[in-house]
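> Take this sequence and fold it.
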Amino acid sequence: MRQVVIFGIDAGVLFVLYFLLEGFAFTLAVIVLTAVAMTLAFVKINEQPLTKIIFSVAQYFLQPRVYLWGREEKKAGTNKKPESNFMKNIKQLIGGEAPPPKLPKEIQEEAEKEPTTREIKEVAELLDQ
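Reported below is the predicted structural model:
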């Protein structure tokens, strides 16, 4: 169907040019316009019709660009890169700023008990090894 429409437009343009151009100019127009029509009707790139590709290119250049990212303004004299969320989370975990994870009730009660002197000595011995 698309090919029929393309050749119909080509025939309409050539019909008008028949009355406007003479001899050699009309013959040259027939050759050029028919070649363009055949190219538009039958050429596919990556299984996409050439007309679709041409419309996509035109749409890309005619529509305004929408950028979803933005540059952060730097203060004068700072050359540091902004810290990633990953590094912030790691520093919070190491520095103890992050809230402790929720533990089961039995484990939480055991953790809240004061360690005995014997348990402290056992931990110290493990750390000394």
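> Please make it C-alpha for all contacts and neighbour counts, starting now.
Will do.
> ok, and residue 32, which helix or strand is that part of?
Element membership for residue 32 (DSSP states H and E) is helix 23-42.
> If you count contacts, what does that helix end up packed against?
Where contact means 3 or more CA pairs under 8 Å, 6 or more residues apart in numbering; DSSP states H and E, helix 23-42 is packed against helix 2-20, strand 48-49, helix 50-62.
> quick one: which of the ones you listed is nearest residue 124?
For residue 124, the closest of the helices and strands packed on helix 23-42 is helix 50-62, at 68.0 Å, according to CA to CA.
> just the angle between the closest one and helix 2-20, please?
Inter-element angle recorded for helix 50-62 and helix 2-20: 80 degrees (by axes from the mean of the first three to the mean of the last three CA atoms, to 10 degrees).
> low pLDDT regions in the chain?
Filtered on pLDDT under 70, the chain yields the residue ranges 70-101, 111-112, 115.
> Recalculate using a threshold of 90.
For the chain, residues meeting the criterion pLDDT under 90 lie at 1-2, 23, 60, 63-129.
> Give me the neighbour count for residue 14.
Neighbour count of residue 14, defined by other CA atoms under 10 Å: 19.
> mind checking how far the closest residue to it other than its chain neighbours is from residue 8?
Of all residues beyond its chain neighbours, the one nearest residue 14 is residue 30 (6.6 Å), with distances taken as CA to CA, 6 or more residues apart in numbering. Residue 30 is 14 Å from residue 8, where distance means CA to CA, to the nearest Å.
> Between these two, which is the more surrounded one?
The neighbour count for residue 30 versus residue 8, taken as other CA under 10 Å, is higher for residue 30 (19 against 13).
> Which element, helix or strand, includes the residue most central in space within the chain?
Centroid check for the chain by CA atoms, centre = their mean gives residue 68 as the closest residue, at 9.5 Å. Using DSSP H and E, residue 68 sits within no helix or strand.
> quick one: contacts for it?
Applying CA atoms under 8 Å, 6 or more residues apart in numbering, we find residue 68 in contact with no residue.
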